[in-house]
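Novice: please work out how this folds:
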Amino acid sequence: MFYDTGDIREKKRAMVFGSFLGDSLALGVHWIYDTGEIIDTYGRVESLIDPDPELYHPTRRKGEFTHYGDQTMILLESIAHRGDFVPEDFSLRWRELFDNYDGYIDQATRTTLRKYSQGKDWKEAGSSSTDLAGASRLAPLIYRYSDDLQTLIEASDIQTKMTHNHPLPLYAAEFFAKCTWEILHGSKPSTALRHTIDESFTDSPLHEMFERALLTIGLNTTTAIEELGQGCEVEQAFPSVIHLILKYEENFFDALVECVMAGGDSAARAMLVGMVLGAYLGMDQIPRKWLSDLKARDKIEKYLDKLDDIT
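Specialist: Okay, the predicted model is just below:
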C-alpha cells in the first residue's frame with residue numbers, strides 16, 4: 001500500500017519535526033550517563049527543559065538544539081535555499097556555523113574543521129569518527145528526496161562522510177535512509193527495519209548489532225541501553241536506536257522519553273528515533289507542547305514550505 005500525496009507530505013513533516021524534537025528533548029540531560037542522576041535531578045523528562053549550565057550545553061535554553069540539531073538545521077537551510085543537496089553549499093554553511101560558535105564542539109567537528117584549515121575540501125575533510133551523530137542529520141535529505149531513493153542514498157553518504165568518514169556511520173546513514181523511505185511509502189517500522197537489514201546489510205557489522213538489539217526488546221529500556229551501550233559510537237548507539245524503534249513502534253512520546261531517560265548520547269539516538277517514528281505515526285502523535293516550545297518551529301516550517309514549492 002502507498003499513501004496518497006497529502007498523507008506523505010504530512011508524514012514527511014512529522015519526520016523532520018520528530019528528528020528536531022528528539023534533539024531538543026534530549027538537550028536538557030544530554031551526555032549524563034548516570035540514569036539515577038537524571039531521575040533524582042530532573043524526574044521523568046517529558047517536556048523540553050533548560051540544560052544544566054554546568055554541563056555540555058550551558059549557552060542553550062529550553063527549545064533550542066544541541067550541536068547535532070544546529071548542524072541539521074544548516075543542512076535543511078542549505079537544501080531549501082538551493083533546492084537540492086549541494087555539497088559545496090552545505091560545506092560552506094557548515095563551516096560558517098562554527099565561526100564564533102557558542103555551543104559545544106565535539107571531536108569529529110574539531111577534526112573536520114582542522115582539516116579544512118589545512119586546505120582540505122569537503123571530499124577530504126571528514127574525521128574518522130565512528131559516532132552515530134554523523135548519520136543523525138538525515139531528515140532534511142529524506143524530505144527532499146522522498147521520491148528518489150537512489151539520489152537519497154548518494155546524498156546521505158556524502159553528507160555523513162563530510163564529517164564522519166568511517167564505514168560504520170556511513171552504513172548507518174544508508175540503513176536509516178532506506179528504512180525511513182520505506183516507511184514513508186507504506187511499511188511499518190518493524191517491517192522496514194527487518195527488510196533493510198536483511199536485504200542490504202547481511203555482510204555488514206550492522207547485522208550483528210541489529211540481532212543483538214532484538215534480544216533486548218523485552219527488557220526495561222534503561223536496562224537494555226545500559227547493556228547495549230549509552231555511548232556515541234555506532235557499535236553502541238545503533239542497536240540502542242533499533243531497540244527504541246521496535247519497542248515503541250506505536251508510541252512516539254514514550255520512545256523519545258525513554259531514549260532520554262536512558263542517558264548517554266541520547267540526542268543522536270533521539271534524532272533518529274524521532275525521524276523514523278514521525279515518518280510512521282505522523283503529526284498527530286507529536287505532543288503539541290513540544291512543538292510550541294520548539295524555538296525554531298517557524299523557521300523549520302518556512303524551509304519545508306519552500307521545499308514543497310520546489311517539489
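
Novice: list the contacts for Thr41?
Specialist: Contacts for Thr41 (C-beta atoms under 8 Å, 6 or more residues apart in numbering) come out as Asp52. No exception for glycine: its C-beta is placed from N, CA and C like everyone else's.

Novice: and the next element down the chain from the helix or strand hosting Arg212?
Specialist: Counting by DSSP states H and E, the element that carries Arg212 is helix 205-214. Proceeding N to C from helix 205-214, the next assigned helix or strand is helix 221-228, under DSSP H and E.

Novice: who's in contact with that next one?
Specialist: The contact list for helix 221-228 (C-beta under 8 Å, 6+ apart) reads 35, 212-213, 216-217, 219, 236, 239-240, 243-244, 247, 258-259, 261-264.

Novice: before we move on, what about stretch 72-91?
Specialist: Residues from elsewhere that reach stretch 72-91, judged by C-beta under 8 Å, 6+ apart: 16, 19-20, 23, 65, 93-94, 97, 121-122, 125, 136-137, 139-141, 143-145, 155, 158-159, 162, 271, 296, 299-300, 302-304, 306-307, 310.

Novice: narrow the residues you listed to those in helices?
Specialist: The helices, defined by DSSP state H, take in 16, 19-20, 23, 93-94, 97, 139-141, 143-144, 155, 158-159, 271, 299-300, 302-304, 306-307, 310 from the contacts of stretch 72-91.

Novice: among the residues you listed, the buried ones, what's the ChimeraX command?
Specialist: Remark: buried members of the ones in helices among the contacts of stretch 72-91, expressed as a ChimeraX selection using 16 or more other C-beta atoms under 10 Å:
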select :16,19,20,23,93,94,97,139,140,141,143,144,155,158,159,271,300,303,304,307
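
Novice: my read: Gly22 touches Phe253, true?
Specialist: No. With contacts counted by C-beta atoms under 8 Å, Gly22 stays clear of Phe253, the gap being 11.4 Å.

Novice: so which of those two has more stuff around it?
Specialist: Using other C-beta atoms under 10 Å as the criterion, Gly22 and Phe253 rank with Gly22 on top: 33 against 16.

Novice: for the protein, which spans come out with low pLDDT?
Specialist: Within the chain, the segments meeting pLDDT under 70 span 1-6.

Novice: strands of that one, start to end?
Specialist: Under the criterion DSSP state E, the chain contains no strands.

Novice: first-to-last residue distance for stretch 276-295?
Specialist: 22 Å (C-alpha to C-alpha, to the nearest Å).

Novice: contacts only, for Val273.
Specialist: Contacts of Val273 by C-beta under 8 Å, 6+ apart are Gly18, Gly22, Val241, Leu244, Ile245, Tyr248, Ala255, Leu256, Cys259.

Novice: in helices only, show me the residues you listed.
Specialist: Of the contacts of Val273, the ones assigned to helices by DSSP H are Gly18, Gly22, Val241, Leu244, Ile245, Ala255, Leu256, Cys259.

Novice: quick one: Leu141 from Pro58, how far?
Specialist: Distance of Leu141 to Pro58, given as C-beta to C-beta, to the nearest Å: 31 Å.

Novice: now do Ile197
Specialist: Distance, Ile197 to Pro58, by C-beta to C-beta: 39 Å.

Novice: those two: who's more crowded?
Specialist: Ile197 (20 against 13).

Novice: and the more buried one, how close does it get to Ser156?
Specialist: According to C-beta to C-beta, Ile197 and Ser156 sit 16 Å apart.

Novice: what sits up against the helix holding Arg212?
Specialist: With C-beta under 8 Å, 6+ apart as the test, helix 205-214 has contacts from 168, 171-172, 175, 193, 197, 201, 228, 234-235, 238-240, 242-243, 246.

Novice: give the contact list for the residue lying closest to Thr66 once chain neighbours are set aside.
Specialist: In space, Thr66 comes closest to Ala267 once its chain neighbours are excluded; the distance is 4.7 Å by C-beta to C-beta, 6 or more residues apart in numbering. Counting by C-beta under 8 Å, 6+ apart, Ala267 touches Gly22, Asp23, Ala26, Leu27, His30, Thr66, Tyr68, Gly69, Ala133, Ser136.

Novice: try 10 Å
Specialist: Counting by C-beta atoms under 10 Å, 6 or more residues apart in numbering, Ala267 touches 22-27, 29-31, 56-57, 65-69, 133, 136, 232, 259-260.

Novice: which of those are buried?
Specialist: With burial judged by 16+ other C-beta under 10 Å, the buried subset of these is 22-27, 29-31, 56-57, 65-69, 133, 136, 232, 259-260.

Novice: wait, Asp34 touches Leu55, no?
Specialist: No. Using C-beta atoms under 10 Å, Asp34 is not in contact with Leu55; the gap is 11.9 Å.

Novice: shared neighbours, the two?
Specialist: Joint contacts of Asp34 and Leu55 (C-beta under 10 Å, 6+ apart) do not exist.

Novice: ok, now how distant is Arg114 from Gly126?
Specialist: Applying C-beta to C-beta to Arg114 and Gly126 gives a distance of 12 Å.
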